[in-house]
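>>> Curious how this folds, go ahead:
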Amino acid sequence: MSSLENKWNNFYTKVENYCDEHNKNLPTIIAVTKNRSLDEIEIAKDIGINHFGENYANEFNLKAINFKTSKWHFIGHLQRNKVKDVVPYADAIHTLDSLKLANKLSDYDFKKSIFIQVNISNDPNKFGISPELNSIKKLHEHSTQLDLNIIGLMSICKFGLTYDTTYNQFSNLVKLGQYYNLNEYSIGMSSDWQAAISAGSTHIRIGSSIFG
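Just a heads-up that it's a prediction; the model follows:
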């Protein structure tokens, strides 16, 4: 058994056990491939990983072309001039954060799943729209009018927060989504996936716990 397979099996078992213990549904586990080679992705695919997430448009394009049968999630900040490189291969875009980006996605007739990225902690170092209801409402309504498929909300918590603080921020995001009848939540990474699942995550984005 390869080191990657061992890490994957251990992590998957941890998530399964956590969900069982807390009576939560198993989320989609997205293996984050930032700075990972094509050979590593090949191994990951061979051991049964099917959902991959990439942060950078150029890497996303290259990797998604090489692994077309996998599900590809764009999870980084998406610049409007890079939309053309992402939309042909994306099964989901997790980082819609502006009206202008919504317009650009509409220009390219992107019909697959989209998450609105919310800066739930109002961290000036992170992307995402304000968690104020009016901000989300404006972007959600505009996107809907463009016939974009908005399925949920995405956020990233600050690193190093306590479990309780992280859980509260993720729970606040879920409440915002419920207000708009959005049922998918892209929250949780290697450092805070437990709090995210407890709050209601449907997609966790995992890099180091899988690849090391």
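>>> Please give me every residue in contact with the most centrally placed residue in the chain.
For the chain, the residue nearest the mean C-alpha position is residue 186 (4.4 Å; CA atoms, centre = their mean). For residue 186, the contacting residues are 75, 94, 115, 152, 153, 154, 155, 201, 202, 203, 205, by CB atoms under 8 Å, 6 or more residues apart in numbering. For the C-beta atoms, the positions are set from N, CA and C on the backbone; glycine is no exception.
>>> Inside strands: which ones of these?
Residues of these located in strands (DSSP state E): 94, 115, 152, 153, 154, 203, 205.
>>> Surely the third one is in contact with residue 180?
To tie it back to what came earlier, the one meant is residue 152. No: using CB atoms under 8 Å, residue 152 is not in contact with residue 180, being 9.3 Å away.
>>> So between these two, which is more surrounded?
Counted by other CB atoms under 10 Å, residue 152 and residue 180 do not tie: residue 152 has more neighbours, with 22 against 17.
>>> closest to residue 162 among the contacts of residue 186?
Here the nearest of the contacts of residue 186 to residue 162, counting by CB to CB, is residue 155; it sits at 16.9 Å.
>>> For residue 212, which non-adjacent residue is spatially closest?
Using CB to CB, 6 or more residues apart in numbering and skipping the chain neighbours, the partner closest in space to residue 212 is residue 7 (6.3 Å).
>>> Strands along the chain, start to end?
Counting by DSSP E, the chain has strands at residues 28-32, 51-54, 71-74, 92-96, 113-117, 149-154, 184-186, 203-206.
>>> So for residue 80, which of those strands sits nearest?
Nearest of those to residue 80, taken as CB to CB: strand 92-96 at 11.4 Å.
>>> ok, the residue nearest to residue 47 when sequence neighbours are not counted to residue 212 distance?
Leaving aside its chain neighbours, residue 47 sits nearest to residue 5 (4.5 Å; criterion: CB to CB, 6+ apart). Look at residue 5 and residue 212: by CB to CB, to the nearest Å, they are 12 Å apart.
>>> Also residue 92?
Relative to residue 212, residue 92 is positioned 25 Å away (CB to CB).
>>> So which of these two has more stuff around it?
residue 92 (24 against 9).
>>> Tell me what residue 205 is bridged to.
residue 30 (DSSP bridges).
>>> Quick check: mean pLDDT of the longest helix belonging to the chain?
Taking DSSP state H as the criterion, the chain has its longest helix at helix 3-22. What helix 3-22 shows for mean pLDDT is 97.
>>> Could you check the angle it makes with strand 28-32?
Angle, helix 3-22 to strand 28-32, by axes from the mean of the first three to the mean of the last three CA atoms, to 10 degrees: 150 degrees.
>>> nearest residue to the most far-flung residue of the chain relative to its centre other than its sequence neighbours?
The C-alpha centroid of the chain is most remote from residue 1, which lies 28.5 Å away (CA atoms, centre = their mean). Using CB to CB, 6+ apart and skipping the chain neighbours, the partner closest in space to residue 1 is residue 9 (7.9 Å).
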